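Chemist: Next come a sequence and a model predicted from it.
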Amino acid sequence: MPDPLADRRPPEAPMSDNPVLPAHPRSLRPSTPEDGPAIVALMQEAGLEPDADPVRLEWKYWRPRTDWSGPRSFVIVEGGELLAHGALMPGILRWTGGEARVIHMIDWAARRQAIGAGVQLMKYIGRQTDFLLGIGGSEQTRKIMPLLGYRLCGQVSGFVRPFAPTRRWRRLHGAHWKRLPRFARSTLWSLTAPRVDLGAWQSRPIDADALGQIEALGRQPTRELAVLGRSAGFLRHALACPIVPLELHSLERAGRTAGYFLLSYAPGQARLSDLWVDSADPADWRALVHSALRVAQRHSEPVELAAWSSDPALSQVLRECGFHARFTLPIYLRGTGGARGPEHSIRAQMLDNDAFYLYFDHDELWA
């Protein structure tokens, strides 16, 4: 199954050996809320489906974050015309023997006639950090990434476990002859999935005032996997997302918090957008996934639970919990200033880019 979001992500402007000199000097600057309509128009011109809601744009681009003091959205303008836009999602990359700042660019678009503007903007944003991270993208994006200095650094697979088969039929779109086989398959997957088993574990909701206990868990890299950090400021900004509802839950046993999971809710789909348990025991990871499944099933709208995994051990746990792999996306990393970074794969989750909240006018169902 191809990347369900690939064709809606902003295309990157290709480099040119013979750039056309602009009639007016270009200006690269942080964007402001007044640029919002022009940013939306630029993305629409690029064939995308941008969200024009000012509240949502404010959260993505301009709302202050305690874990990042600089601007998070930049534009290139020429003669009053907006030529390119790029926004960033900041984070921390940790690997055995190192830690560095990392940025995932989102809403990256440039006018086709503005030769080199997209690349210029990407390079400028790259200078604000140690590494640029890229996950997935269209076929064009994947071809151009190596030319821009990105290297392949693992892959992440999308998994799904369907539930609530009686609600699924009305969520499926298209001709009946196409819907029926899909409905039958998802129903079979639902009926043959293992029952939820938490063992001695239990979960409880966590609000934004208690994020310190999640930050204290740490996320330690291994020799095989680099990890992306989770600070209280990072999680607080995510929980304030106005685009989709989110729920953060701790995983506890014998009064001790050992893990957590973050659920986001797009139309028809619950997303296991982030998860961690301080344990190497697969049984504990299965309890975490089952806890998330139980919470998601309490809601009346979702008909499936989706998850990402770039970790072979987690992928196996998801399969044992009744999840099915649906697609695979590449993970790219670009160092700045000659930085090399980890030589092994990166443990990526939906929370590490816009996949945890991004949806369109119809249900994004994977099963």
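Modeler: Received the coordinates, thanks. Numbers count the residues shown, from 1 in each chain.

Chemist: in what helix or strand does the nearest residue to residue 169 once chain neighbours are set aside lie?
Modeler: Counting by CB to CB, 6 or more residues apart in numbering, residue 183 is the residue found nearest to residue 169 once chain neighbours are left out, at 5.6 Å. C-beta here means a position set from N, CA and C on the backbone, and glycine is covered the same way. In the assignment (DSSP states H and E), residue 183 maps to helix 176-192.

Chemist: I'd like the average pLDDT over that helix.
Modeler: Averaging pLDDT along helix 176-192 yields 87.

Chemist: In it, which residues are buried?
Modeler: By 16 or more other CB atoms under 10 Å, the buried positions in helix 176-192 come out as 182, 183, 186, 187, 189, 190.

Chemist: Export it to PDB, keeping only CA atoms.
Modeler: Taking Å, rounded to 0.1, in the frame of the first residue of the first chain, the C-alpha atoms of helix 176-192 are listed here in PDB:
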ATOM      1  CA  HIS A 176     -20.300  -1.400  -3.500                       C
ATOM      2  CA  TRP A 177     -18.300  -4.100  -5.400                       C
ATOM      3  CA  LYS A 178     -15.100  -2.500  -4.000                       C
ATOM      4  CA  ARG A 179     -16.400  -1.900  -0.500                       C
ATOM      5  CA  LEU A 180     -17.600  -5.400   0.100                       C
ATOM      6  CA  PRO A 181     -14.200  -7.300  -0.200                       C
ATOM      7  CA  ARG A 182     -12.600  -4.600   1.900                       C
ATOM      8  CA  PHE A 183     -15.300  -4.800   4.600                       C
ATOM      9  CA  ALA A 184     -15.000  -8.600   4.600                       C
ATOM     10  CA  ARG A 185     -11.200  -8.500   5.000                       C
ATOM     11  CA  SER A 186     -11.300  -5.900   7.800                       C
ATOM     12  CA  THR A 187     -14.000  -7.900   9.600                       C
ATOM     13  CA  LEU A 188     -12.000 -11.100   9.300                       C
ATOM     14  CA  TRP A 189      -8.900  -9.300  10.800                       C
ATOM     15  CA  SER A 190     -11.100  -7.900  13.600                       C
ATOM     16  CA  LEU A 191     -12.600 -11.300  14.500                       C
ATOM     17  CA  THR A 192      -9.300 -13.200  14.400                       C
END
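
Chemist: What lies in contact with it?
Modeler: Residues from elsewhere that reach helix 176-192 (CB atoms under 8 Å, 6 or more residues apart in numbering): 161-165, 168-169, 172-173, 303-304, 322, 324, 367.

Chemist: Would you mind giving both backbone torsions of residue 137?
Modeler: phi 110, psi 170 (degrees, to the nearest 10).

Chemist: Test my guess that it contacts residue 148.
Modeler: No. With contacts counted by CB atoms under 8 Å, residue 137 stays clear of residue 148, the gap being 11.6 Å.

Chemist: Between the two, which has more neighbouring residues?
Modeler: The neighbour comparison of residue 137 against residue 148 (other CB atoms under 10 Å) goes to residue 137, with 23 against 19.

Chemist: Show me where the stretch 51-200 of the chain has its strands.
Modeler: Remark: strands assigned in the stretch 51-200 of the chain by DSSP state E, counting those that start in this stretch are 73-78, 81-95, 98-110, 131-135, 151-162.

Chemist: Correct me if wrong: residue 108 contacts residue 76.
Modeler: No. Residue 108 is beyond contact range of residue 76, at 11.6 Å (criterion: CB under 8 Å).

Chemist: Please enumerate the shared neighbours of those two.
Modeler: Contacts common to residue 108 and residue 76, judged by CB under 8 Å, 6+ apart, are 85, 121.

Chemist: Great, nothing more from me.
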